[in-house]
Every structure is written in C-alpha cells, then in structure tokens.
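Participant: Sequence first, predicted model second:
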Amino acid sequence: MKTLLIHDLSPVDFASLGLGPSDDITVISDNGTIRHCIGCFGCWIKTPGTCVLQDGYQTMGHLLSEYDDLVIVSRCVYGSYSPFVRNVLDRSISYVLPYFVTINGETHHAKRYEHDISLAVHFYGDDITDAERATARALVKANSINLHCSVRTVCFHETPHELGEALR
C-alpha cells in the first residue's frame, strides 16, 4: 500500500513523529513555493491533469492517482484545513474531470482515473470546539465524495505530538 501524506507541521514537529519519505510513503509539506489555484481551468483544458503553475505542486492531481492511501494532517482552522493543506487540495482538482456526474442527487465532477483512495484525516488544535469538529467531519465527507474516495477515519488531536502513535 502506497501512502501520500500531506501535512502542515513544522519541520521539527514532523521530525518528532518519526515518519519520513520511503518507498511506501511520499510526504507533501510546505516548502514555501506553493502558489494559489487561479481558477484558470488549465489543468482541465490546456494541460489535462497538470496545473499550469510550475511551482513543484503542479502534478498533485496525477500524484493522487498513484497512491492507495491519502493521509492529511492539518491544524483545524474553524472546522476546515489549514491554508497550506487547503491550497494543496485545491491544486489537486485535476484529479477529477471538468465533466459532471450526479452522486446521491448532488452534482460532482467525474472521475479522471479509475482508482480508489482511502482517506484518513488528522486534525490538531488545543481549542477545537464541538461545532468545528462537526464542520470538519462534514467537510471531509464532502471531500471524499468530490475525490471519489472512501473515508477511513477523521481524528482530532490536541497537539501535533499526539499524531505519532495514530499515524504508525
């Protein structure tokens, strides 16, 4: 099983988890170069499957198609992902097609890849309210529908240091 791990942890906090890139795990972290999606649809029309912004994150959509497990580690920000993690997910839009399908009476993008992903999301923060937890769970569920993947788990942790055991 190959795992793609997207996180917003500081290098020190991530190192303390004892995880790292390997043959089975690819790590996506903030190296300071990611640009925001500009909504140009280039990843769908001009360069299908690849973002037109050349910043090291342009192949996120295709990258998702190569992994069985997607693990997201994010600070919980008002029931959502941190800005970096949200940006990575936005830049992954090319994982799906610009065409629409109806799923459970809702309109969603069609699959680009015949591939199934298992999604695990770990939020952290020492002051996450019950309302933020409910919002985060609903967000992950909606993301799983949009990405045509199944949710394995949504967990909440007070500190990044608690993540180590959960991720092993």
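Facilitator: Noted; the coordinates are in hand.

Participant: And the contacts of stretch 159-168?
Facilitator: 5, 9, 13, 16-19, 71, 73, 122, 124, 126, 155, 157 (C-beta atoms under 8 Å, 6 or more residues apart in numbering). Every C-beta, even on glycine, is put in place using the N, C-alpha and C of the backbone.

Participant: In JSON lines: these, plus secondary structure.
Facilitator: Converted to JSON lines, the contacts of stretch 159-168 look like this (DSSP: H, G, I helix; E, B strand; the rest coil):
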{"residue": "5", "secondary structure": "strand"}
{"residue": "9", "secondary structure": "coil"}
{"residue": "13", "secondary structure": "helix"}
{"residue": "16", "secondary structure": "helix"}
{"residue": "17", "secondary structure": "coil"}
{"residue": "18", "secondary structure": "coil"}
{"residue": "19", "secondary structure": "coil"}
{"residue": "71", "secondary structure": "strand"}
{"residue": "73", "secondary structure": "strand"}
{"residue": "122", "secondary structure": "strand"}
{"residue": "124", "secondary structure": "strand"}
{"residue": "126", "secondary structure": "coil"}
{"residue": "155", "secondary structure": "strand"}
{"residue": "157", "secondary structure": "strand"}
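
Participant: Flag the least confident of the residues you listed.
Facilitator: Minimum pLDDT across these is recorded for residue 19, with 78.

Participant: That residue is in contact with residue 25, isn't it?
Facilitator: Yes. Using C-beta atoms under 8 Å, residue 19 makes contact with residue 25 at a distance of 6.8 Å.

Participant: from what I can see residue 62 touches residue 48, true?
Facilitator: No. Judged on C-beta under 8 Å, residue 62 makes no contact with residue 48 at a distance of 9.8 Å.

Participant: For those two, list the residues in contact with both.
Facilitator: residue 94.

Participant: which one of the two has more residues nearby?
Facilitator: residue 62 (18 against 14; other C-beta atoms under 10 Å).

Participant: which residues does that one contact?
Facilitator: Contacts of residue 62 by C-beta under 8 Å, 6+ apart are 49, 50, 94, 95.
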